[in-house]
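Asks: how would this look folded up:
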Amino acid sequence: MGFFAGVSMTKGLMGTINLFMVVMYLVDSKSHHGVEAKKKVEQNEDDLELERQLKILNVPHPLKTIRTEEGDILDCVDIYKQPAFRNPLLKDHKIQMKPSFFPEGEANKNSSATESLPISLKGKECPQGTVPIRRTSKEDLLRARSLARDFSTNINQSGIHFPGQFQVELMTIQVLEVHGEEGGLVHGASAYINVYNPTVEPTQCTSALIWVRAGPNENFDYITAGWTVDPRLYGDHLTRFFTYWSVNKDKPRGCYNTLCTGFVQVDRSVTPSAPLSPVSTIGGTQYVIKVHVYQDPLSRNWWLIITKNSIVIGYWPKNLFPYLGDGATSVSWGGIAQVGSNGVGPPLGNGRFPYDPFPCYFEWMKMVNKDYGIDPLLKKTDITTYVKGKNCYDILYHKYVPERGASLTFGGPGGINCG
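Replies: Next up, the predicted model:
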């Protein structure tokens, strides 16, 4: 009897345990499926958002489509129907077809050892009344989104340090220390930059750029322009012109080139992501590109102008910026290098340190002052240099000389343990 009772109790206990296990399994299964369902909903919402962005950025029924030698697809769209005007901040925006003026003193001669780099669609410009917009894919948006989180051109001011990102920079001090009537805001910067094609790994990138900034350290606006080699963004190893703008007020917004609404294109032959070719060789011909970012004194829009012939690509409307709409509080010239997944820093500039023979450089560096005049001297007491990654990179400022104006050299080979 006791035996049967024991068996009965054992069966009862085993039944209870089994029931407990079934309940636990069901609860765990339900929780697991709940998490998976939530992820699926979020993924679907993300996919819908990407599709919404693509519909905005890729204007249907372009008047003409251009396929470049480098593989880019450019759609010629009505200048008044370009994606920029889908930005809510640009509602009722009246397009500005050209700057109200060019700052005085912009004409200078290249040295005999340099050639001005041609940048255009090589005779394939868009028809009158249209502008070229690089066709965007879902993969483009996904790549750009992940990169934007790591991109900062304000490391030394804000205290924000992104893992694996190194920077060399020359900055105007007098602007940073301006308060009240001491000097006032500035309205742009320019320089000639020699263009190279440093070898980078698929997860690395390297850039040479000018940037303008405004706002407090933790909440600033900025615009950058220059050249880059960035397979993470473009899926190739070409040297390309590039731009990036960002607003960090409340909810951050901004993007590379035309991968979001905001930048207004006006030129028919050049896009902000244009490939640059030919490139310089160490000790040989130096191909340079002139980059100029400056604020229009009447509209207060920020213009992007490139090359010796002053091609006006387009502008960022003042409405995009809480702080830059009034002017810049600092302007800088320099480079940024992003370490790859292998932990190795890429070459910066042409891979040579600034004190080595034939380094990468910025020449004829100029600043548009508070009165919209050109300041070509940049006296040494007015600037400072900043380097993150001193073991691998460096920057040197050179005083004004008639042959090349104010200039700097920068770069380095990259490597591990850059500091």
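
Asks: what about Asp140, helix or strand, and which?
Replies: helix 138-148 (DSSP states H and E).

Asks: same thing with Tyr386?
Replies: Using DSSP H and E, Tyr386 falls in strand 383-388.

Asks: quick one: pLDDT of Glu403?
Replies: For Glu403, the pLDDT comes out at 88.

Asks: name the SS class of it, please.
Replies: coil (DSSP: H, G, I helix; E, B strand; the rest coil).

Asks: number the chain from 692, please
Replies: Okay, residue one is now 692; in that scheme the one you just asked about reads as Glu1094.

Asks: I'd like to know how far it sits from Val957.
Replies: 34 Å (Cβ to Cβ, to the nearest Å). (Each C-beta comes from the backbone N, C-alpha and C, glycine too.)

Asks: count the neighbours of the residue nearest to Arg931 when sequence neighbours are not counted for me.
Replies: In this structure, Arg931 finds its nearest non-sequential neighbour in Pro966, 5.3 Å apart by Cβ to Cβ, 6 or more residues apart in numbering. Neighbourhood size, Pro966 [other Cβ atoms under 10 Å]: 17.

Asks: then Pro751?
Replies: 8.

Asks: mind checking which helix or strand of the protein has the lowest mean pLDDT?
Replies: helix 864-867 (a mean of 39; mean pLDDT, DSSP states H and E).

Asks: ok, back up a step: now the strand holding Tyr1077, how far from the centre of its chain.
Replies: 20 Å (Cα atoms, centre = their mean, to the nearest Å).

Asks: and for stretch 975-983?
Replies: The answer for stretch 975-983 is 19 Å, by Cα atoms, centre = their mean.

Asks: pull out the buried positions in it.
Replies: 977-983 (16 or more other Cβ atoms under 10 Å).

Asks: straight-line length of stretch 1027-1042, end to end?
Replies: 13 Å (Cα to Cα, to the nearest Å).

Asks: what's it in contact with?
Replies: 841, 844, 854-859, 885, 887, 889-900, 923, 971, 973, 1026, 1049-1051, 1080, 1083-1084, 1101-1107, 1109 (Cβ atoms under 8 Å, 6 or more residues apart in numbering).

Asks: avg pLDDT for that stretch?
Replies: Rounded mean pLDDT across stretch 1027-1042 is 92.

Asks: list the buried residues in that stretch.
Replies: 1027-1031, 1035-1042.

Asks: same deal with stretch 881-897?
Replies: 881-889, 891-892, 895-897.

Asks: can I get it in CSV, CA atoms only?
Replies: Taking Å, rounded to 0.1, in the frame of the first residue of the first chain, the C-alpha atoms of stretch 881-897 are listed here in CSV:
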residue,chain,number,x,y,z
SER,A,881,38.7,78.8,-48.1
ALA,A,882,41.9,77.1,-49.3
TYR,A,883,43.6,75.2,-52.0
ILE,A,884,44.1,71.5,-51.0
ASN,A,885,46.3,69.1,-52.9
VAL,A,886,44.3,65.9,-53.7
TYR,A,887,45.6,62.4,-53.1
ASN,A,888,44.2,58.9,-53.1
PRO,A,889,45.7,57.2,-50.0
THR,A,890,45.2,53.4,-49.7
VAL,A,891,42.6,52.5,-47.1
GLU,A,892,41.0,49.3,-45.9
PRO,A,893,37.2,48.8,-46.5
THR,A,894,36.3,49.9,-42.9
GLN,A,895,38.7,52.9,-42.8
CYS,A,896,38.3,56.4,-44.1
THR,A,897,40.5,59.5,-44.4
